[in-house]
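Visitor: Fold the following.
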Amino acid sequence: QVQLKESGGGLVQAGTSLRLSCVASKRPSGSLAMGWFRQAPGKEREFVAGISWNIGASKYADSVLGRFTVSRDITKTTVYLDMYNLRPEDTAVYYCASTYTVTDLANEATYNYWGQGTQVTVSS
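Guide: Below you'll find the predicted structure:
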């Protein structure tokens, strides 16, 4: 059973930075990429960023482009999300997930393993 565990969330002020980590107990079979999603209160879960395991190709949602950076450490089966210049609208529960495709990282339906999430709260 593959487990994904997020960490690094917390309460921060607007304009500051935060790093989220996602550790996989092992690389999921067939996993080609990892993604970060978030869900704010009363809203649907949305794609934030994704990265392929092999070459590290990445994709970002327009709302975080230029502020967030996704990276991975293959040896540690860990994925990171560095968040800069945080805004109150970034407040959400952040989830990491594993997908079997690299062609459509923003498609939530392709992700078959999910973590429990970590809360990020940005105060103004």
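
Visitor: So what sits opposite the most centrally placed residue in the chain in the bridge?
Guide: Closest to where the C-alpha atoms of the chain average out (Cα atoms, centre = their mean) is residue 36, at 2.1 Å. Beta bridges link residue 36 to residue 49, residue 96 when assigned by DSSP bridges.

Visitor: mind listing what the helix or strand hosting residue 112 pairs with, with the direction of each?
Guide: Taking DSSP states H and E as the criterion, residue 112 maps to strand 111-114. Using DSSP bridges, strand 111-114 pairs in its sheet with strand 92-99 (antiparallel).

Visitor: now the partner strand: mean pLDDT?
Guide: Throughout strand 92-99, pLDDT has a mean value of 96.

Visitor: Output that strand as PDB - backbone C-alpha positions only.
Guide: The C-alpha coordinates for strand 92-99 follow below in PDB (Å, rounded to 0.1, in the frame of the first residue of the first chain):
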ATOM      1  CA  ALA A  92      -6.500  25.900   1.400                       C
ATOM      2  CA  VAL A  93      -5.800  22.300   2.300                       C
ATOM      3  CA  TYR A  94      -3.000  21.200   0.000                       C
ATOM      4  CA  TYR A  95      -2.800  17.600  -1.300                       C
ATOM      5  CA  CYS A  96      -0.200  15.700  -3.100                       C
ATOM      6  CA  ALA A  97      -1.000  12.900  -5.500                       C
ATOM      7  CA  SER A  98       0.500  10.500  -7.900                       C
ATOM      8  CA  THR A  99      -0.500  10.100 -11.600                       C
END
